[in-house]
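Asks: okay, predicted coordinates and the sequence, questions at the end:
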Amino acid sequence: MTAPYLGPDTARSVRQLTGTALGFVGLWTLSYLALQVSWLLTLALAVPTAGFLVRLFMIQHDCGHGSYFRSRKARDAVGFVIGVLTLTPYHYWRRTHAHHHAHSGDLDLRGFGDVETMTVREYLDSTPRQRLAYRLYRHPLIMLGIGPVVHFVVGHRYPHKVPREWKQAWASIWWTNACLVAILVVAALTIGLVPFLLVQVPVTLLAGSAGILLFYVQHQFEETYWDRDPNWDYFEAAVYGSSHLVLPRPLQWLTASIGIHHVHHLSSRIPNYRLQECLDANPDLQQATQVTVRDMARLFRLTLWDEDAGRMVGFREVALPA
């Protein structure tokens, strides 16, 4: 089903990258110029600018999967540069995201590159303090409001869970941090640090919230897939544990079709611009669980995996021990 769509079309990748980069730079510049009129206008422009930053992240994402350019040097160079803009060290993210793809839905291999998910039994066996911490972590205001700061701004500067033997990942972290310091210094010496932050901070937070939201709804839904070894199956996890997020065309364009997530998990070597083609050509893949924008709020009520029922449930459905 996926073989005809594997691998990059270099010309198409170059056009997509060029258009997205120019769009981001143009909107960022316009946002900066808007400071002379009103910061409210800059805030309004932060929305489309963040959208283009999300699209750049999806290109970084494809570079990490090896599906964007045939040249690894080109993929790594583009991925690293975009990783500076998205505050996401490229080689570190590529390694953890590969773990997510290899073990998505495996209850015995959680903790890298996924949304922390407890089972009902684990939640009931936790201490009151652990349950409170988990409830706070899963609250949408925390996840989408504070989450981007904790995850992208702070956590990616020194991700303490990364093993020391991941030398390339750590090098990527330190080089990304160095580039960020250099950008701040250049901004301070040219346009001024405060104007730079007035433009960049809203863009970063909005893009970060959008990224977390997308990742959440692509795996957290009622009939998603979780299992333990040796019953866990890669293909079942890909097709049944990933949703098809149906978005309006402008949003699908900005998110580079990442909503067709089950196809992406089935074969991550398909570049983003071929996901829709693959889906349209294969009726079997059109049977995946569909999620819409209207479903998003409801999905945040699903917080625990019920191993006995084989579905996600909310805190209200679980009776705490007396």
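Replies: That came through, no problem.
Asks: CA only for contacts and neighbour counts going forward, please
Replies: Noted.
Asks: assign residue 225 to helix, strand or coil.
Replies: coil (DSSP: H, G, I helix; E, B strand; the rest coil).
Asks: OK, contacts around it?
Replies: 105, 236-237, 240-242, 310-311 (C-alpha atoms under 8 Å, 6 or more residues apart in numbering).
Asks: most neighbours among these, which one is it?
Replies: The residue in the contacts of residue 225 with the most neighbours, by other C-alpha atoms under 10 Å, is residue 242 (31 neighbours).
Asks: ok, it touching residue 261?
Replies: Yes - assessed by C-alpha atoms under 8 Å, residue 242 is found in contact with residue 261 at 5.8 Å.
Asks: common neighbours of those two, please.
Replies: For the pair residue 242 and residue 261, residues contacting each of them under the criterion C-alpha under 8 Å, 6+ apart are residue 218.
Asks: pop out the phi and psi values for residue 164.
Replies: Geometry field for residue 164 lists phi and psi as phi -60, psi -30, criterion degrees, to the nearest 10.
Asks: can you check residue 106 too?
Replies: As for residue 106, its main-chain torsions (degrees, to the nearest 10) stand at phi -90, psi 110.
Asks: neighbours of it, how many?
Replies: Residue 106 has 20 neighbouring residues, counting by other C-alpha under 10 Å.
Asks: isn't it right next to residue 232, touching?
Replies: Yes - using C-alpha under 8 Å, residue 106 is in contact with residue 232, at 6.1 Å.
Asks: between these two, which contacts overlap?
Replies: residue 226.
Asks: list the buried residues of the helix or strand where residue 51 lies.
Replies: Counting by DSSP states H and E, the element that carries residue 51 is helix 39-65. The neighbour-count criterion (16 or more other C-alpha atoms under 10 Å) identifies 39, 41-43, 45-65 as the buried residues of helix 39-65.
Asks: one more: stretch 139-153?
Replies: Taking 16+ other C-alpha under 10 Å as the criterion, stretch 139-153 shows 140, 143-144, 147-149, 151-153 as buried.
Asks: then stretch 96-103?
Replies: Within stretch 96-103, the residues that qualify as buried by neighbour count (16+ other C-alpha under 10 Å) are 96-101, 103.
Asks: which residues sit against that stretch?
Replies: Applying C-alpha under 8 Å, 6+ apart, the set of residues contacting stretch 96-103 from outside is 65, 109-110, 112-114, 234, 265.
Asks: repeat the analysis, applying 6 Å as the threshold.
Replies: Stretch 96-103 is contacted from outside by 112-113, using C-alpha atoms under 6 Å, 6 or more residues apart in numbering.
Asks: any idea of the mean pLDDT for that stretch?
Replies: Taken as a whole, stretch 96-103 has a mean pLDDT of 92.
Asks: just to revisit the earlier point, just the closest of the contacts of residue 225 to residue 257, please.
Replies: Nearest to residue 257 among the contacts of residue 225: residue 242, at 13.6 Å, using C-alpha to C-alpha.
Asks: kindly calculate the angle that the helix or strand harbouring residue 84 makes with helix 39-65.
Replies: When secondary structure is defined using DSSP H and E, the element that contains residue 84 is helix 72-85. Helix 72-85 and helix 39-65 are oriented at 150 degrees to each other (axes from the mean of the first three to the mean of the last three C-alpha atoms, to 10 degrees).
Asks: just the buried positions in helix 72-85, please.
Replies: By 16+ other C-alpha under 10 Å, the buried positions in helix 72-85 come out as 75-76, 78-85.
Asks: report all helices and strands that that helix contacts.
Replies: With contacts taken as 3 or more C-alpha pairs under 6 Å, 6 or more residues apart in numbering; DSSP states H and E, helix 72-85 sits against helix 39-65, helix 90-103.
Asks: output that helix as PDB, restricted to C-alpha atoms.
Replies: C-alpha atoms of helix 72-85 as PDB (Å, rounded to 0.1, in the frame of the first residue of the first chain):
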ATOM      1  CA  ARG A  72      21.700  12.800   4.500                       C
ATOM      2  CA  LYS A  73      23.900  15.900   4.800                       C
ATOM      3  CA  ALA A  74      21.100  18.000   3.300                       C
ATOM      4  CA  ARG A  75      18.600  16.500   5.700                       C
ATOM      5  CA  ASP A  76      20.800  17.000   8.700                       C
ATOM      6  CA  ALA A  77      21.700  20.600   7.800                       C
ATOM      7  CA  VAL A  78      18.100  21.700   7.200                       C
ATOM      8  CA  GLY A  79      16.900  19.800  10.200                       C
ATOM      9  CA  PHE A  80      19.500  21.400  12.500                       C
ATOM     10  CA  VAL A  81      18.700  25.000  11.300                       C
ATOM     11  CA  ILE A  82      15.000  24.500  11.700                       C
ATOM     12  CA  GLY A  83      15.700  22.900  15.100                       C
ATOM     13  CA  VAL A  84      17.200  26.200  16.200                       C
ATOM     14  CA  LEU A  85      14.100  28.000  15.200                       C
END
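Asks: all set, thanks.
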